[in-house]
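have a look at this prediction, sequence included:
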Amino acid sequence: MNSGQGMCVRVVLADDHKIMREGLCSLLRNDPRVEIVGVAEDGRSAVQLARELKPDVVVMDVAMPDLNGIEASRKIKAELPDVRILALSMHSDKRYISNMLQAGASGYLLKDCAFKELVQAIHTVARRQVYLSPSIAALVTEDYVRQLMTRDASPAAVLSPKEREVLQLMAEGHSTKQIAATLNLSVKTIETHRQQVMEKLDLHSVAELTKFAVREGLTSL
């Protein structure tokens, strides 16, 4: 794979609109570091060309007849994991974006982007990095954060804040008495917390609790 400096990135371009294909081809030919090795007008021929030509990057339209860009990307990545796929679409719909990324695309670009951005994106994915249009990146990040907030981020989420505090101190080797003093609570209260922590997590020794606390990032020891 050509990822070294000064190397030419070999590109297959797949888009079902003739004017789009021709426009992109003529623009990309102006970049000496990009070589268009094949052009496809639907997903099926994109897969065929990728097989034959083993390009560095396939610039893939998402909505195409016969075989859409998502399925085409899936097929290409299954057979040729080294080929990078850059999605180019009019759609900034979250479903399109997540489907393309799940199918193995390394980048997602909107068709209303400036040409300079397309060139930059091609070189970025060729270097095995991910490229997302800024507006797409914002959507993806927002989505990811929302997912983190709605699902329990960790098994430790079943514990109350006080129980997590007790767990950390236990994992760090403090005795019940020391924990009581640190948290300004009675030994009896700490014992209750400790009991609840063990029951909720179904862990029954300090060693198991310690391992859990380290794994969940509650303590670094």
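Looks like it arrived, so ask away. Numbering: from 1, shown residues only.

drop to CA atoms for contacts and neighbour counts, all remaining ones
OK.

would you map the helices across this structure?
All helices of the chain, identified by DSSP state H, fall at 18-28, 43-53, 69-79, 94-102, 115-126, 134-150, 161-171, 176-183, 187-201, 206-215.

what's the first-to-last distance across stretch 78-97?
Using CA to CA, to the nearest Å, the end-to-end distance of stretch 78-97 comes to 19 Å.

buried sites along it?
80, 82-89, 91-92, 96-97 (16 or more other CA atoms under 10 Å).

list the contacts for Met100?
62, 69-70, 73, 87, 108 (CA atoms under 8 Å, 6 or more residues apart in numbering).

repeat for Val158
Lys200.

mind checking which helix or strand of this structure has the lowest mean pLDDT?
Across the helices and strands of the chain, mean pLDDT, DSSP states H and E gives its lowest value to helix 134-150, namely a mean of 83.

now render the buried residues of stretch 78-97 as JSON lines, adding pLDDT and distance to Val125.
As requested, the buried residues of stretch 78-97 are arranged in JSON lines below (pLDDT from 0 to 100; distance: CA to CA, whole Å):
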{"residue": "Leu80", "pLDDT": "97", "distance to Val125": "15"}
{"residue": "Asp82", "pLDDT": "96", "distance to Val125": "11"}
{"residue": "Val83", "pLDDT": "97", "distance to Val125": "10"}
{"residue": "Arg84", "pLDDT": "97", "distance to Val125": "6"}
{"residue": "Ile85", "pLDDT": "97", "distance to Val125": "8"}
{"residue": "Leu86", "pLDDT": "97", "distance to Val125": "7"}
{"residue": "Ala87", "pLDDT": "96", "distance to Val125": "11"}
{"residue": "Leu88", "pLDDT": "93", "distance to Val125": "13"}
{"residue": "Ser89", "pLDDT": "91", "distance to Val125": "16"}
{"residue": "His91", "pLDDT": "82", "distance to Val125": "20"}
{"residue": "Ser92", "pLDDT": "82", "distance to Val125": "19"}
{"residue": "Tyr96", "pLDDT": "88", "distance to Val125": "19"}
{"residue": "Ile97", "pLDDT": "90", "distance to Val125": "16"}
